[in-house]
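Asks: predicted model, plus sequence, below.
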Amino acid sequence: MSYFVKGLVQEEYKQKFADISEFLVIDTTGITGVDNNIMRGALKNQGIRLTVVKNTLMRVAMKATEKPTATDLFTSGPCTVVYGGESVVDVAKAIMDWSKKLKAIQLKGAYVEGTVVDGKGVEDLSKMPSRAELQGRIVQLAQSPGAKIAGAIAGPGGVIAGCIKSLVEKLEKEAA
C-alpha cells in the first residue's frame, strides 16, 4: 500500500471513529463470504456496523481521536471493529449470538468508556441488561412506592364498599 493510500485510509478511520466512543473488536477469519454477508445484513438491520481495519493505521487513528488506550486492541491479526446499535451492550449481545452460530468469530476485546476490555469482558458485557431494560427497571422502581400507596389507600375503601354491597343485597332480599 502506497504512502498516499495509507494516508487516505488513516484519515477515513479518523473521521469514521471520531464520534464512536464504544466498540468491539473481533476476528472474522474463517467465515465464508456467504455467512459474512448474511451476518452483516442482519446486524445492519439492528443498526450495527462492521469495519475491517488495518492495525497499524487504526492505532494511529485511535491516538489521533484521543483514544490511546484502544490501541491495545489492534496489536496482531485481522481485526474487525463492530459498532453502532443502541449501546455497546446490544452490540455485544448481537455478536455473542453470531459467535454461537459462526464458531470462527473470535472476540478480541472492546473499548468501553475509555477502558479496554478483553474477550472475557465482552462475554460479561453481553450478559448485562441493555439500556432499555435498565430504563424499564428504573421506571418500575419509581412507580413501585406510588402503587403501594394507592393500594394502601384503596384497600380500606374496597372493604367498606364490600360491606355496603352485602348490606344492600341483604336489605333487597328482606324487602322482596
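Replies: Sure thing, it's come through. Owing to the predicted nature of the structure, the values given are computational and were not obtained by experimental measurement. Numbering: from 1, shown residues only.
Asks: which strands or helices does the host helix or strand of Val5 pack on?
Replies: Per DSSP states H and E: Val5 is located in helix 3-17. Secondary-structure packing of helix 3-17 (3 or more CB pairs under 8 Å, 6 or more residues apart in numbering; DSSP states H and E): helix 55-64. (C-beta placed from N, C-alpha, C; glycine too.)
Asks: so for the longest helix along the chain, mean pLDDT?
Replies: Counting by DSSP state H, the longest helix found in the chain is helix 131-175. Helix 131-175 shows a mean pLDDT of 78 in the predicted model.
Asks: and Leu134, how many neighbours does it have?
Replies: 13 (other CB atoms under 10 Å).
Asks: got the contact list for it?
Replies: Residues near Leu134 by CB atoms under 8 Å, 6 or more residues apart in numbering: none.
Asks: separation between it and Gln140?
Replies: 11 Å (CB to CB, to the nearest Å).
Asks: where does pLDDT dip in this structure?
Replies: Residues of the chain meeting the criterion pLDDT under 70: 147, 176.
Asks: domains of this structure?
Replies: 3-128, 130-176 (automatic domain parsing).
Asks: just these: most buried one?
Replies: domain 3-128 (a mean of 17; mean count of other CB atoms under 10 Å).
Asks: off-centre distance for that domain?
Replies: Centroid displacement of domain 3-128 relative to its chain, using CA atoms, centre = their mean, to the nearest Å, is 13 Å.
Asks: likewise stretch 137-145?
Replies: That offset, for stretch 137-145, works out to 22 Å (CA atoms, centre = their mean).
Asks: need the contact partners of it.
Replies: So stretch 137-145 is contacted by Pro129 (CB under 8 Å, 6+ apart).
Asks: cool, stretch 89-106 as well?
Replies: By CB under 8 Å, 6+ apart, stretch 89-106 touches 22-24, 26-31, 35, 39, 42-43, 46, 48, 82-85, 107, 110, 119, 122-123, 125-126, 128-131.
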